[in-house]
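>>> quick check, what structure comes out for this input:
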Amino acid sequence: MSFNLRGAVLSNVAGSNEQQVESTIVDAVQSGEEKMLPGLGVLFEVCWNQASEQDKKQMVSQITQGLKG
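Here you go, the predicted model:
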């Protein structure tokens with residue numbers, strides 16, 4: 001039996017407004033629960049796929065800087 005995690009996450013946030021998405025992200029990050037990481041990964045994938053090349057470079061730079069600190 002296979003579970004489509006990506007599809008489940010996208011289904012759970014479909015139709016959410018910006019405030020709801022932000023709340024979902026903040027709750028996931030603040031909880032620190034490992035089980036939230038795949039969902040954040042799916043949301044990052046959505047962001048990445050919608051980003052311009054310049055935005056992608058900025059995200060990579062921010063992540064790289066965050067890994068240093």
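>>> which residues are contacting stretch 2-14?
Residues outside stretch 2-14 that contact it (Cβ atoms under 8 Å, 6 or more residues apart in numbering): 20-21, 24, 38-39, 42-43, 45-46. Every C-beta, even on glycine, is put in place using the N, C-alpha and C of the backbone.
>>> are any of these buried, and which?
Buried members of the contacts of stretch 2-14, scored by 16 or more other Cβ atoms under 10 Å, are 24, 39, 42-43.
>>> can you map out the strands along this protein?
Remark: no strands are assigned in the chain by DSSP state E.
>>> report how many residues lie close to residue 9.
A count of nearby residues for residue 9, using other Cβ atoms under 10 Å, gives 19.
>>> returning to that earlier point: mind checking which of the contacts of stretch 2-14 land in helices?
In helices, defined here by DSSP state H, the members of the contacts of stretch 2-14 are 20-21, 24, 38-39, 42-43, 45-46.
>>> quick one: those residues as JSON lines, columns for pLDDT and distance to residue 63 too.
Conversion of these to JSON lines gives the following (pLDDT from 0 to 100; distance: Cβ to Cβ, whole Å):
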{"residue": "20", "pLDDT": "97", "distance to residue 63": "24"}
{"residue": "21", "pLDDT": "96", "distance to residue 63": "19"}
{"residue": "24", "pLDDT": "95", "distance to residue 63": "20"}
{"residue": "38", "pLDDT": "93", "distance to residue 63": "17"}
{"residue": "39", "pLDDT": "95", "distance to residue 63": "18"}
{"residue": "42", "pLDDT": "96", "distance to residue 63": "17"}
{"residue": "43", "pLDDT": "97", "distance to residue 63": "14"}
{"residue": "45", "pLDDT": "96", "distance to residue 63": "14"}
{"residue": "46", "pLDDT": "97", "distance to residue 63": "16"}
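>>> cheers, nothing more for now.
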